[in-house]
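Asker: Show me the folded form of this:
(2 chains)
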Amino acid sequence: MLVKFSAGVIALFLLSGNAFAQGAAKLTDPQIAHIAYTAGVLDIEAGKQALAKSKNKEVRAFAENMVRDHSAVNDQALALVKKLNVTPADNDTSRSLTKQAAAKRAELAKLKGAAFDKAYVANEVAYHKTVNGALETLLIPSASNAELKSLLQTGLKIFQGHQQHAEHIASTLK
Amino acid sequence: MNPGWTFSVAFALAGAMSVPVHAATIQVTIDKLVYTPAEVTAKVGDTIEWINKDILAHTATAKAGDKWNVVIAPAKTGRLVLKQAGTVDYFCQYHPNMKGRIVVTP
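Answerer: Residues are numbered from 1 along each chain as shown, chains lettered A, B, ... in the order given. Down below sits the predicted model:
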């Protein structure tokens, strides 16, 4: 597959704060792969932070699930881009997601105990909501390659489960 | 070959085979985080086989009864021999939305 960079994918996201705010240019498969992979890595990092900080059994089990599942999905994504001979292309959406996640991680680092648990789980709900929405409305419809599309659809199904799981835990932490 | 050895192996095999005569294997497929069929009926001594087609690890974890827990790695099959009669609801510990049921008759 030919790797084609489309410049200035998303111009508005910095103002709106939504990494997935749509710009004029259509995302390419290498960019979509990069965004999906990055979103997974960021949630793995969030899970590792929770495992380092939380003592809540349910929260820890959830964080372990996030690390396990997102690693499994990302392993598949890596295998697929290798098979398709695609080099994931860094882009504004990936950079914006990374920047926002770093800010959230720093914010969570200051919290302890129940306050941390609540904030981590609330962010997991919000994060999965954002990523799932982007998968549904932007990344899956934009994907050209059938195998990439299929992996994203599988990912969506998995991450919807994560969102519901996070919502359930959030309701018990209140 | 030592005839005594052959005899004792044959004896052991015959002994092992005489126990679960009618035992069946019932298959449940896991695909995209769903157990299919969601409910199966089996007898004590039957084996449940969960065939995991997902890229994720799953479990089949009983909520009650003898509280069995089977971990099923991605693209692998997990097995459980049913030991107790009764209706058992089970779920995936990693994905609590996933739910299944086994009705075990004596």
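
Asker: any idea of the mean pLDDT for stretch A:95-110?
Answerer: Mean pLDDT, stretch A:95-110: 96.

Asker: starting at the chain centroid, how far to that stretch?
Answerer: How far stretch A:95-110 lies from its chain's middle: 13 Å, per Cα atoms, centre = their mean, to the nearest Å.

Asker: Contacts only, for residue 60.
Answerer: I went with chain A, as the question did not name one. A:50-51, A:54 (Cβ atoms under 8 Å, 6 or more residues apart in numbering or on different chains). (C-beta placed from N, C-alpha, C; glycine too.)

Asker: you looked at the wrong chain, it should be chain B
Answerer: Counting by Cβ under 8 Å, 6+ apart, residue B:60 has contacts B:28, B:35, B:48, B:50, B:68-70, B:72, B:78, B:80, B:90-92, B:100.

Asker: Just among the contacts of residue A:60, which is most surrounded?
Answerer: residue A:50 (24 neighbours; other Cβ atoms under 10 Å in any protein chain shown).

Asker: The nearest residue to that residue once chain neighbours are set aside and chain B, how far apart?
Answerer: Among residues not flanking residue A:50 along the chain, residue A:63 sits closest, at 3.8 Å (Cβ to Cβ, 6 or more residues apart in numbering or on different chains). Remark: distance between residue A:63 and chain B (Cβ to the nearest Cβ, to the nearest Å) = 12 Å.

Asker: Give me the subset of the contacts of residue A:60 that lies in strands.
Answerer: Using DSSP state E, no member of the contacts of residue A:60 sits in strands.

Asker: what are the ranges of the strands in chain B?
Answerer: B:25-31, B:34-36, B:39-43, B:47-52, B:58-62, B:69-72, B:77-81, B:86-91, B:99-105.

Asker: Next, the angle strand B:86-91 makes with the first one.
Answerer: Computed by axes from the mean of the first three to the mean of the last three Cα atoms, to 10 degrees, the angle separating strand B:25-31 from strand B:86-91 equals 20 degrees.

Asker: Return the distance of strand B:25-31 from the chain's centre.
Answerer: Distance, centroid of strand B:25-31 to centroid of chain: 9 Å (Cα atoms, centre = their mean).

Asker: and for that strand, what are the contacting residues?
Answerer: Applying Cβ under 8 Å, 6+ apart, the set of residues contacting strand B:25-31 is B:35-37, B:40, B:42, B:46-54, B:58, B:60, B:72, B:98, B:100.

Asker: Any buried residues in that strand, and which?
Answerer: B:26, B:28, B:30 (16 or more other Cβ atoms under 10 Å in any protein chain shown).

Asker: got it, and stretch A:59-66?
Answerer: Applying a neighbour-count criterion of 16+ other Cβ under 10 Å, one finds A:59-60, A:62-66 buried in stretch A:59-66.
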